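Colleague: Provided below for reference: sequence and predicted model.
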Amino acid sequence: MAAPPPAVPAPVIVQWPFDVTLALIQQRRRHHQRFEDATRHNHLWTRIANHIQNNYNYQMTASQCQIKWYALKQGYENSKRLLQGNPSGRHIRSPNSYDRRFYNEMADEFWTQTGNYLL
């Protein structure tokens, strides 16, 4: 009889404190131009994770920072659709506490801005 396959560990769910989440947004904003200029971003996410670790004594990996960032963006975009009456008819969900707490912090959509280029 064959042995059962090894159990796959469940992903670790990280509960982000609000002050650390705000630091993530601020650091992502601070490094925005570097994200625009770089083709690979892992070193930037590592830099952000190190900042959080050093200044908030909170252990985060680059991957956890990146995942949280994209969750914040999705939450912002969902909340924006809700506030606009969902004109595109896309799927919406009930906002979570992070969506509500950080909507204004994300409202400038700094991640969509690019440099000033002459046409």
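Modeller: That came in fine, so what should we check first?
Colleague: Report the contact partners of residue 72.
Modeller: Contacts for residue 72 (CB atoms under 8 Å, 6 or more residues apart in numbering) come out as 21, 24-25, 98, 102, 106. To be clear about C-beta, it is placed using only N, CA and C from the backbone, and glycine gets the same treatment.
Colleague: the longest helix in the chain is where?
Modeller: In the chain, with assignment by DSSP state H, the single longest helix is helix 62-83.
Colleague: one step back: neighbour-wise, which of the contacts of residue 72 leads?
Modeller: residue 24 (25 neighbours; other CB atoms under 10 Å).
Colleague: Now do the SS call for it.
Modeller: Assigned by DSSP: H, G, I helix; E, B strand; the rest coil, the conformation of residue 24 is helix.
Colleague: Now tell me which helix or strand of this structure has the poorest mean pLDDT.
Modeller: In the chain, the helix or strand scored least confidently by mean pLDDT, DSSP states H and E is helix 32-37, which has a mean of 93.
Colleague: Grab the nearest non-local neighbour of the most centrally placed residue in the chain.
Modeller: Centrality entry for the chain: nearest residue to the mean C-alpha point is residue 69, 0.5 Å, by CA atoms, centre = their mean. In this structure, residue 69 finds its nearest non-sequential neighbour in residue 28, 5.8 Å apart by CB to CB, 6 or more residues apart in numbering.
Colleague: give the contact list for the one you found.
Modeller: Residue 28 neighbours (CB under 8 Å, 6+ apart): 35, 48, 69, 111.
Colleague: same deal with residue 55?
Modeller: Listed by CB under 8 Å, 6+ apart, the contact set of residue 55 reads residue 23.
Colleague: how near is it to residue 94?
Modeller: 32 Å (CB to CB, to the nearest Å).
Colleague: One more: residue 108?
Modeller: Residue 108 is 24 Å from residue 94, by CB to CB.
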